[in-house]
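Colleague: Requesting a structural model of the entry that follows:
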Amino acid sequence: RYSRLANWDYIGECAQIGARINLPVIGNGDVLSWEDYHAHMESSPLSTCMIARGALIKPWIFTEIKEKRYWDIRSSERLELMRNFCRFGLDHWGSDTLGVERTRSFLLEWQAWTCRYVPVGLLEVLPPRMNHRNPGFIARDDLEQLMSGTQASDWIKISEMLLGKVPEGFNFKPKHRSSEKSTSEATQAEG
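Modeller: You can find the predicted model right below:
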């Protein structure tokens, strides 16, 4: 689990050195909003900022950066992004049982990140920060509540909405350590 924020002062120093010797420097770390991105780009001579966890949590961050605005995305729009993700997975791995379960596995790993998203319309303070954990909130609808669930069983329910029922004896344990706090042991679906 990530406990410290990226050191953007140090990244800025590296960018200054890179600019003097004509070496491109790409900043990386804790970019979760368009404001983060533009602040980093304006404060030092970076070539660009890499966005990793921010894109896993909210893949529409690139639209926000381009338009310099927050997108208070509805749960139905988020579900549509997941539906497209599944369609791409099935196109790639096939729609047979193996392809469906491979797609489901990747979808569930992604949901271990997307559940950390707190809708912009519910935030008390902007911009959102990477190290702030979801304090719990009253969702605007049932789907939003399910998407904010931190248990793998919640994610499995969403996967079943998109890919059908999980096979009997299905198990899922997130691979990434940032999920350990929310899912301390594997979740088994009842078949």
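
Colleague: next one: phi and psi at residue 48?
Modeller: When quoted as degrees, to the nearest 10, the phi and psi of residue 48 stand at phi -170, psi 180.

Colleague: Spatially nearest residue to it (excluding sequence neighbours)?
Modeller: Nearest residue to residue 48, sequence neighbours excluded (CB to CB, 6 or more residues apart in numbering): residue 26, at 5.6 Å. C-beta here means a position set from N, CA and C on the backbone, and glycine is covered the same way.

Colleague: tell me the contacts of that neighbour?
Modeller: 46-50 (CB atoms under 8 Å, 6 or more residues apart in numbering).

Colleague: again, only this time at 10 Å
Modeller: By CB atoms under 10 Å, 6 or more residues apart in numbering, the contact set of residue 26 is 11, 14-15, 18, 46-50.

Colleague: Would you write a PyMOL line that selects the buried entries of those?
Modeller: Entered in PyMOL, the line below selects the buried ones among the contacts of residue 26, by 16 or more other CB atoms under 10 Å:
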select buried, resi 11+14+15+18+46+49
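
Colleague: between the contacts of residue 26, which is closest to residue 146?
Modeller: residue 50 (30.6 Å; CB to CB).

Colleague: Not including adjacent chain positions, what is the nearest residue to that closest one?
Modeller: Once flanking residues are discounted, residue 50 sits nearest to residue 28: 4.0 Å by CB to CB, 6+ apart.

Colleague: Which stretches in this structure count as strands?
Modeller: 26-28, 48-50, 171-172, 187-188 (DSSP state E).

Colleague: Take the ones you listed and write them to TSV, including distance to residue 104.
Modeller: Listed next are the strands of the chain as TSV, based on distance: least, CB to CB, whole Å:
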stretch	distance to residue 104
strand 26-28	30
strand 48-50	28
strand 171-172	8
strand 187-188	13
